[in-house]
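>>> Model the following, please.
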Amino acid sequence: MCVVWYMAVEQLRSGYSSRTEKELPVLSRWFPQEAVAAVPAAKYLDLILYSREQIRKENEAMGEDSGSDAPWGIVSIKAQDVGTQPRYHQLDTLA
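So this is what the prediction gives:
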């Protein structure tokens, strides 16, 4: 997660994308490559894992079968500069 400064908002793009034709598209946001200066190497990798049960549900919904009995599967690897996920608060709880 990063803060988007008001000066960069005009460059921010949004769109729906899916990894496969069978998957429902999700909202994504990005900056075009030409709008971004050189990017330093990430300090951390954030691994997103799904349980075997969740992977089976996803596969069933798409009419597929991975054939794997692994207890966990990596579904995403995100490069980032912070070692922890930010804590989100509802606006009405902030004082």
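>>> can you give me the helices in the protein?
With DSSP state H, the ranges of helices along the chain come out as 52-61.
>>> Which residue ranges of it form strands?
Applying DSSP state E to the chain gives strands spanning 13-17, 26-30, 44-51, 72-80.
>>> okay, these in CSV with mean neighbour count, distance to E64 and mean pLDDT next?
Just so you know, the C-beta spots here come from the backbone N, C-alpha and C atoms, and that holds for glycine as well. Shown next, in CSV, are these (neighbours: other C-beta atoms under 10 Å; distance: least, C-beta to C-beta, whole Å; pLDDT from 0 to 100):
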stretch, mean neighbour count, distance to E64, mean pLDDT
strand 13-17, 9, 19, 93
strand 26-30, 10, 18, 90
strand 44-51, 12, 14, 91
strand 72-80, 12, 13, 90
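>>> Identify whichever of the ones you listed lies nearest to E60.
Evaluated over these, closeness to E60 peaks at strand 44-51, with 13.1 Å, by C-beta to C-beta.
>>> Which strands or helices does the closest one pack on?
Applying 3 or more C-beta pairs under 8 Å, 6 or more residues apart in numbering; DSSP states H and E, we find strand 44-51 packed against strand 72-80.
>>> returning to that earlier point: please render the strands of the chain as CSV that adds distance to E60 to the earlier fields.
Putting those into CSV (distance: least, C-beta to C-beta, whole Å) gives the following:
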stretch, distance to E60
strand 13-17, 22
strand 26-30, 19
strand 44-51, 13
strand 72-80, 14
